[in-house]
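K.L.:
Please find the sequence and the predicted model below.
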Amino acid sequence: MISPRYVINPLFCKKIHKYFDCIVIGSGIAGLSTAIRISKHMKVKVLTKSMLSDSTTWFAQGGIAAAIKKPDKWENHYDDTIEAGQGLCDRKAVKNLVKNAPKMIEDLIELGINFDILEGEISLTTEGGHSYPRILHAGGDATGEEIEKKLVNCTKNEFQINFSSEYFVLDILTDNKNNCIGVIGLNTASKSIEIYPASNVIIASGGIGHLYELTTNPSISTGDGIAMAYRAGASIKDIEFIQFHPTVFKTNEGKLFLITEALRGEGAYLRNKDGKRFMLGKHPRAELAPRDIVVKEIVKVMQKNNTEYIFLDATHLPLSMLKIRFPNIISKLRENGLDLKNDPIRVFPAAHYLNGGIKTNQRGQTENIKGLYACGEAAATGAHGANRLASNSLIEGLVYGCKIYNDITSKKSDSAIDKNTIEAVKKLISCRTDNTNDKYKESSKQEYEIENLIDKFRHIMSKKVGILRDKKSLKDAKDFIDLHLHNKNFYNSKDKNIVEFVNMLTVAGLIIKSASLREESRGTHQRNDFPKMDNKHWKKHIILKKDKFHFEPVG
């Protein structure tokens, strides 16, 4: 059964806003940096379903990767990224990423980002998979917060950028020629269905972490951008590859707190319940092996020791260094009665980053819909392959956001575009576009017990489609997805939780489909029933589009 084209029929639109040259969905580093660049040339609308600074970027502790200091060079960064990606990186994408990274750092500094300084130079550290110190950081372990604050302040000073927070974009609008003509969304304050016409739309909506019980992501990370792109006909690539961060701490209140990989970069150890370092002999870089390798070993140790945690030990490191580099971690642990200098910390893996997403080319364009772009975690540029190299995410959002800026601003100006786009929107809402019911589904959350369903869904995803998978577990999860994804009662609802649930189900279905097809273990995709990497049959990408799939060779 084919899913409905829209979660809410455009016929229910109550208001059409004025035309914008460009709409950006999301307010993290990818979305805001791109909006700032484009606003020098045209009017930009930034839409976000939460508050402006509520993004995954804010929670990025470790830093941002760039080869800015000798003896390191972009070729080394390239080699490390390729190695981490385990055969599925697009080499052109990686080269674009690492060669442009130093310029992106210069741009951030020009915007006022204050990276940490040591002895008069930018301080650099090492993280898993990196052969040289190339991770820039700010505020010790508050890099994302520093960048997000400065970007938000910069965007507020740009008169050609207009914001609407608490506006939940539901779907991408397209005409009969597959041109992007705007977005339809829910004003969560007024409960009004509204349309923003635009000929350029950039999806920078972040990741999918909230599909899982344990995640480092904020609750807004429900895969909305990927779901709406898929419904619009865009291709989805490499979505089976979901990275779990190795070291996450649970507070006394039960909340999760990421402990940056940079702590291991500065020399912290991973130990089992008996105090033994278990990464020695597992990889030449021990605790600084690529994340997928570290996570696999952690899972083995937890299973062997019958525990739900291992220990992160920084007690041997100098207190003076810890205070400078990790003030937020020290503060959080102190709130929970722990001392980083004296206490080994209980940690465990949690869903962290989606390697795949909306397939784009090297200009950030989706391949199926003219005028639709994607960048940041929502996009699959090809740079990460089967496993993202630590701290490559923030820099990728900047690099490919800049590629999108170049593409959009290179287009010839056409005064008729806005008129044609608005006419196409009016035509769209004047006739039936899907087979959903004519009435809003105003049923309460309690009637469908949506919160309980979401909790059950997240539990199933964690147990059946998490770090380890197999044919049976994936089938069990698919049965749950199929039962609810095609429930007509979940469509044409103005309940934000229900819409998010539809998006979560949609993305989960895509993950399960790709994970079921890929009968091997590679990078962040690990199958118990196919434990080995199979380059003969599976050194290729899985592309999903409109309930169909095909394979694509590695570039």
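P.N.:
Happy to help now that I have it.
K.L.:
SS state for the closest residue to Gly85 other than its chain neighbours?
P.N.:
Once flanking residues are discounted, Gly85 sits nearest to Gly385: 2.4 Å by Cβ to Cβ, 6 or more residues apart in numbering. Every C-beta, even on glycine, is put in place using the N, C-alpha and C of the backbone. With DSSP: H, G, I helix; E, B strand; the rest coil as the basis, the three-state label of Gly385 is coil.
K.L.:
so what's Gly385 scoring on pLDDT?
P.N.:
Confidence at Gly385, expressed as pLDDT, is 96.
K.L.:
Near it, how many other residues are there?
P.N.:
Gly385 has 28 neighbours, counted by other Cβ atoms under 10 Å.
K.L.:
tell me the contacts of it?
P.N.:
Ile82, Ala84, Gly85, Gln86, Gly87, Leu88, Cys89, Asp90, Asp238, Phe241, Asn355, Gly523 (Cβ atoms under 8 Å, 6 or more residues apart in numbering).
K.L.:
Where do the helices of the stretch 151-300 of the chain begin and end?
P.N.:
224-232, 262-265, 291-305 (DSSP state H, counting those that start in this stretch).
K.L.:
outside of the second one, which residues touch it?
P.N.:
Okay, so that is helix 262-265. Outside helix 262-265, the residues touching it (Cβ under 8 Å, 6+ apart) are 61-63, 125-128, 130, 133, 135, 137, 141, 247, 270, 287-288, 312, 314, 325-326, 329.
K.L.:
So Ser462 lies in a helix, does it not?
P.N.:
Yes. The assignment for Ser462 is a helix, going by three-state DSSP.
K.L.:
Quick one: neighbours of the closest residue to it other than its chain neighbours, just the number.
P.N.:
Distance criterion Cβ to Cβ, 6+ apart; nearest residue to Ser462, sequence neighbours excluded, is Glu213 at 4.4 Å. Residues lying near Glu213 (other Cβ under 10 Å) number 17.
K.L.:
Do you know the pLDDT at Glu213?
P.N.:
Predicted confidence (pLDDT) for Glu213: 96.
K.L.:
give me every residue that touches it.
P.N.:
Glu213 makes contact with Arg458, His459, Met461, Ser462, according to Cβ under 8 Å, 6+ apart.
K.L.:
One more: Arg469?
P.N.:
If you count contacts by Cβ under 8 Å, 6+ apart, then Arg469 has Ala515, His525, Gln526, Arg527, Asn528 around it.
K.L.:
Just among the residues you listed, which is most surrounded?
P.N.:
His525 (28 neighbours).
K.L.:
what are the phi and psi values for that one?
P.N.:
Per-residue torsions, His525: phi -110, psi 110 (degrees, to the nearest 10).
K.L.:
That one and His550, how far apart?
P.N.:
18 Å (Cβ to Cβ, to the nearest Å).
K.L.:
how many neighbours does Val294 have?
P.N.:
The tally of other residues near Val294 (other Cβ under 10 Å) stands at 28.
K.L.:
Okay, now the unreliable bits of the stretch 51-200 of the chain?
P.N.:
The stretch 51-200 of the chain contains residues with pLDDT under 70 at 52-56, 58-62.
K.L.:
What are the boundaries of the strands in it?
P.N.:
Shown for the stretch 51-200 of the chain, the strands assigned by DSSP state E, counting those that start in this stretch span residues 64-65, 117-118, 121-122, 124-125, 135-136, 161-165, 167-174, 180-187, 192-197.
K.L.:
so how far is the second one from its chain's centroid?
P.N.:
Right, strand 117-118. Its chain's C-alpha centre and that of strand 117-118 lie 30 Å apart, by Cα atoms, centre = their mean, to the nearest Å.
K.L.:
partners of that strand in the sheet?
P.N.:
strand 121-122 (antiparallel) (DSSP bridges).
K.L.:
what residues does the partner strand touch?
P.N.:
With contact meaning Cβ under 8 Å, 6+ apart, strand 121-122 is reached by Ile68, Lys69, Phe115, Asp116, Leu136.
K.L.:
Pick out whichever of those residues sits closest to Tyr6.
P.N.:
Distance to Tyr6, by Cβ to Cβ, is smallest for Leu136 among the contacts of strand 121-122, at 42.0 Å.
K.L.:
so that closest one makes contact with Leu124?
P.N.:
Yes. In this structure, Leu136 is within contact of Leu124 by Cβ atoms under 8 Å, at 6.4 Å.
K.L.:
more crowded one of the two?
P.N.:
Neighbours per residue (other Cβ under 10 Å) separate Leu136 from Leu124, with Leu136 holding more: 27 against 23.
K.L.:
Nearest residue to that one in space, ignoring adjacent ones along the chain?
P.N.:
Phe115 is the one closest to Leu136 (Cβ to Cβ, 6+ apart), at 4.9 Å.
K.L.:
Spit out the contact partners of that neighbour.
P.N.:
Ile105, Leu108, Ile109, Ile122, Ser123, Leu136, His137, Ala138.
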